[in-house]
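In: Sequence unavailable; structure follows:
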């Protein structure tokens with residue numbers, strides 16, 4: 001069964017850092033992978049996306065300069081390094097994968113083929 005599993009979430013103080021991981025049970029060699037988040041009571045929103053070979057990446061304006069997406073296809077894992085976290089970054093973070101960069105870079109979560117169950121990030125003092 002093909003699946004994505006996120007990890008690395010937790011409680012962190014404002015200004016702190018976390019690194020999220022998205023591990024796949026299948027080869028990611030041809031998949032674009034995106035990170036999305038959903039804050040309590042809000043719709044999900046796109047955070048970042050990386051192309052299948054890692055040559056292209058996009059970031060939502062609210063994380064530019066603070067978050068970095070990367071991938072290691074040999075380990076079937078995509079990472080999201082989150083620095084200078086703010087309380088408004090709190091939410092459940094999901095990763096999703098699709099063969100087309102189009103859906104990923106457009107943060108169209110509903111059109112992406114695979115989606116994990118998420119990991120909770122709480123930024124609070």
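Out: Alright, I've got the coordinates. Quick caveat, the model's predicted, so the values are computed rather than measured. Numbering: from 1, shown residues only.

In: C-alpha only now, for contacts and for neighbours.
Out: Fine.

In: For the least confident helix or strand in the chain by mean pLDDT, which outside residues touch it?
Out: Lowest on mean pLDDT, DSSP states H and E among the helices and strands of the chain sits helix 101-105, with a mean of 90. With CA atoms under 8 Å, 6 or more residues apart in numbering as the test, helix 101-105 has contacts from 31-34, 48-52, 57-58, 97-98, 109, 111-112.

In: Counting by contacts, list what the helix or strand residue 6 falls within packs against.
Out: Element membership of residue 6 [criterion: DSSP states H and E] is strand 4-7. Other elements packing on strand 4-7 under the criterion 3 or more CA pairs under 8 Å, 6 or more residues apart in numbering; DSSP states H and E are strand 18-24, strand 91-98.

In: Single out the most deeply packed of the ones you listed.
Out: Of all the helices and strands packed on strand 4-7, strand 91-98 carries the top mean neighbour count, a mean of 26, counting by mean count of other CA atoms under 10 Å.

In: quick one: strands adjacent to it?
Out: strand 32-38 (antiparallel), strand 114-115 (antiparallel), strand 119-123 (antiparallel) (DSSP bridges).

In: per-residue pLDDT, the residue most central in space within the chain?
Out: By CA atoms, centre = their mean, the mean C-alpha position of the chain lies nearest to residue 35, the distance being 2.2 Å. Looking at residue 35, its pLDDT is 98.

In: Spit out the contact partners of the residue lying closest to it once chain neighbours are set aside.
Out: Of all residues not flanking residue 35 in the chain, residue 95 sits nearest, at 4.5 Å (CA to CA, 6 or more residues apart in numbering). Applying CA under 8 Å, 6+ apart to residue 95 gives the contacts 4, 6, 22, 33, 34, 35, 36, 115, 116, 118.
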